[in-house]
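Undergrad: here is a sequence together with a model predicted from it:
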Amino acid sequence: MAYASKDLSVLAYANGFTLWHYATTDLATEVDTSGYFNDAADMLRVGDIVVANTDTDGTPSSGFYLVNANAAGQVDVADMTAVGTADLD
């Protein structure tokens, strides 16, 4: 799949920082590929954080992506910092 604008929403905005939420059936490794969010280049700023739910139709994972580059329409996010990576039950 690819980035879908309908799945990106603002959770909070303050002082030039935006906290986003994004849900997708794409794998986390696909989402953190440079250029994945290019269609949102006019909204995402360096330093913004995207809280993401990935692989929602398979083995879901959740975490945070830091927008670390956005220049000339090319957006890059850092690798996902996962949340809840171990289930000790």
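TA: Received it, and whenever you're ready, just let me know what you need.
Undergrad: the helices in this structure, which residues?
TA: Under the criterion DSSP state H, the chain carries helices at the ranges 28-31.
Undergrad: could you point out the longest strand of it?
TA: Longest strand of the chain, by residue count under DSSP state E: strand 61-71.
Undergrad: that one packs against which elements?
TA: Packed against strand 61-71 by the contact rule (3 or more CB pairs under 8 Å, 6 or more residues apart in numbering; DSSP states H and E) you find helix 28-31, strand 49-54, strand 74-77, strand 81-83. In short, each C-beta sits where N, CA and C put it, glycine included.
Undergrad: what sits against the most centrally placed residue in the chain?
TA: The C-alpha lying nearest the average C-alpha coordinate of the chain belongs to residue 50 (CA atoms, centre = their mean; 4.2 Å). When contacts are counted by CB atoms under 8 Å, 6 or more residues apart in numbering, residue 50 touches 8, 20, 21, 22, 37, 44, 64, 65, 67, 77.
Undergrad: distance of residue 5 from residue 42?
TA: In this view, residue 5 and residue 42 are 11 Å apart by CB to CB, to the nearest Å.
Undergrad: report the contact partners of residue 17.
TA: Applying CB under 8 Å, 6+ apart to residue 17 gives the contacts 45, 47, 48, 49.
Undergrad: distance to residue 56 and neighbour count added to those, as a markdown table?
TA: Converted to a markdown table, the contacts of residue 17 look like this (distance: CB to CB, whole Å; neighbours: other CB atoms under 10 Å):
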| residue | distance to residue 56 | neighbour count |
| --- | --- | --- |
| 45 | 26 | 13 |
| 47 | 26 | 12 |
| 48 | 21 | 22 |
| 49 | 19 | 19 |
